[in-house]
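Trainee: Here is the input, now give the coordinates:
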Amino acid sequence: MVRAWSADALAHAPPPRQLTQDPEAWPEQASVDPAAEAVRQIARTLAQAFDGHGLSLRAAAAGSGVNRQAIADLLAGRSWPDVATVARLAHFTGTTLWPDSANIERNRTH
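Mentor: Okay, here's the model as predicted:
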């Protein structure tokens, strides 16, 4: 089932990893929820960027201005990152983090 989340509802929504069939497989387990799937793809791309640049959470936090715990929560699928967080991390890593909408499975109920 695809849910429509408002910003207020996201504050009380289950974390993105919980919207997969197997939360323990995060971020490898895809989600049918488009918002959770976007966060999953952001987390995967960010982790690859960290590995590629040899970055630690501490170095990424210092360089991006994003709180270290916020980065850890994003990578683990425990939080819904805001646009500013994604933009700062993308700028710092020089990586496009937002997934192409064509890469997010569309499950429409018309």
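Trainee: Show me the shaky parts of the protein.
Mentor: 1-11, 102-103, 105-110 (pLDDT under 70).
Trainee: Residue 63: how many residues sit nearby?
Mentor: Residue 63 has 15 neighbours, counted by other Cβ atoms under 10 Å. The way it works is simple: take the backbone N, C-alpha and C, and place the C-beta from them, glycine included.
Trainee: For stretch 54-72, list every residue counted as buried.
Mentor: Across stretch 54-72, burial judged by 16 or more other Cβ atoms under 10 Å covers 55, 57, 60, 61, 64, 66, 70, 71.
Trainee: Pull that stretch out as PDB, backbone CA atoms only.
Mentor: Extracted in PDB, the C-alpha atoms of stretch 54-72 (Å, rounded to 0.1, in the frame of the first residue of the first chain):
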ATOM      1  CA  GLY A  54      37.100   7.100   2.700                       C
ATOM      2  CA  LEU A  55      34.900   9.300   4.900                       C
ATOM      3  CA  SER A  56      33.900   8.600   8.500                       C
ATOM      4  CA  LEU A  57      30.700   9.900  10.100                       C
ATOM      5  CA  ARG A  58      32.800  12.400  12.100                       C
ATOM      6  CA  ALA A  59      34.500  13.800   9.000                       C
ATOM      7  CA  ALA A  60      31.200  14.000   7.100                       C
ATOM      8  CA  ALA A  61      29.600  15.800  10.000                       C
ATOM      9  CA  ALA A  62      32.400  18.300  10.300                       C
ATOM     10  CA  GLY A  63      32.600  18.900   6.500                       C
ATOM     11  CA  SER A  64      28.800  19.100   5.800                       C
ATOM     12  CA  GLY A  65      27.600  20.800   8.900                       C
ATOM     13  CA  VAL A  66      25.100  17.900   9.500                       C
ATOM     14  CA  ASN A  67      24.900  16.400  12.900                       C
ATOM     15  CA  ARG A  68      26.800  13.100  13.100                       C
ATOM     16  CA  GLN A  69      23.800  11.300  14.700                       C
ATOM     17  CA  ALA A  70      21.500  12.600  11.900                       C
ATOM     18  CA  ILE A  71      23.800  11.100   9.300                       C
ATOM     19  CA  ALA A  72      24.000   7.800  11.200                       C
END
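Trainee: Alright, that wraps it up for me.
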